[in-house]
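Visitor: Next one to model:
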Amino acid sequence: MGGSSSTQVPKEDLAFLLANTSFSKPQIKQWYKGFMRDCPAGQLSRQKFLEVYSEFFPGGNAEEFCEHVFRTFDADNGGTIDFKEFLLAINITSSGQITDKLNWAFSMYDIDGNGTIEKAEMVQIIAAIYRMVSNGKDTPAETAEQRTERIFIQMDKNKDGVLTKQEFINGCLSDDVLCSMLTASAASK
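Guide: Numbers count the residues shown, from 1 in each chain. Next up, the predicted model:
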């Protein structure tokens, strides 16, 4: 660690990422090189994350959505994202199994981390997505509240007003459109 150059992935990180992602050794090394070029201190700050993420949505406001994504990527709640956290998150959101993506998405929607998604939490995330993808002209057919209500009608099987992880996953797995909307790919829709 102390003596390793910033161009080489620490051996223990490389071994961990090879075992826990679908990336090959050369791919991990390439990701690391880019990460260290953009984040020479080895930590991705909230501000830098927002700058990078906002480039993908130039017509909208990505700040609030980025906060939720950042919180979910920052697994240790350290206030920054290190390379391992970054690559694990990239792996899940880009090439992970659907259940991994759904678990990740559930964590993002469960803002308070209590193990359930309340309607207010889902409204907050959906509203943030709307603001991010908005180009100032297009307005969604439904408000965030209306869309949340429709999702809860479909997913909240026991009608208790909250979604458990199992209800969320089962609901997404039984509806491809809903799954696409609620997982990380929702940002590109």
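Visitor: quick one: low-confidence ranges for the chain?
Guide: 1-6, 135-138, 184-189 (pLDDT under 70).
Visitor: all helices for this protein, in order.
Guide: Assigned by DSSP state H, the helices in the chain fall at 11-20, 25-38, 46-54, 63-73, 83-95, 98-109, 119-133, 144-155, 165-173, 176-182.
Visitor: buried ones in the fourth one?
Guide: Within helix 63-73, the residues that qualify as buried are F65, C66, H68, V69, F70, T72, F73, counting by 16 or more other CB atoms under 10 Å. The way it works is simple: take the backbone N, C-alpha and C, and place the C-beta from them, glycine included.
Visitor: Could you name the helices and strands sitting against that helix?
Guide: Judged by 3 or more CB pairs under 8 Å, 6 or more residues apart in numbering; DSSP states H and E, helix 63-73 is in contact with helix 46-54, helix 83-95, helix 98-109, helix 119-133.
Visitor: if we compare those, which one ends up closest to L173?
Guide: Closest of the helices and strands packed on helix 63-73 to L173 is helix 98-109, at 7.3 Å (criterion: CB to CB).
Visitor: what's the domain layout of the protein?
Guide: 11-95, 98-188 (automatic domain parsing).
Visitor: Roughly how far does the residue most central in space within the chain sit from T183?
Guide: The chain has V69 as the residue nearest its centroid, 4.3 Å off, counting by CA atoms, centre = their mean. From V69 over to T183 the distance is 12 Å, taken as CB to CB, to the nearest Å.
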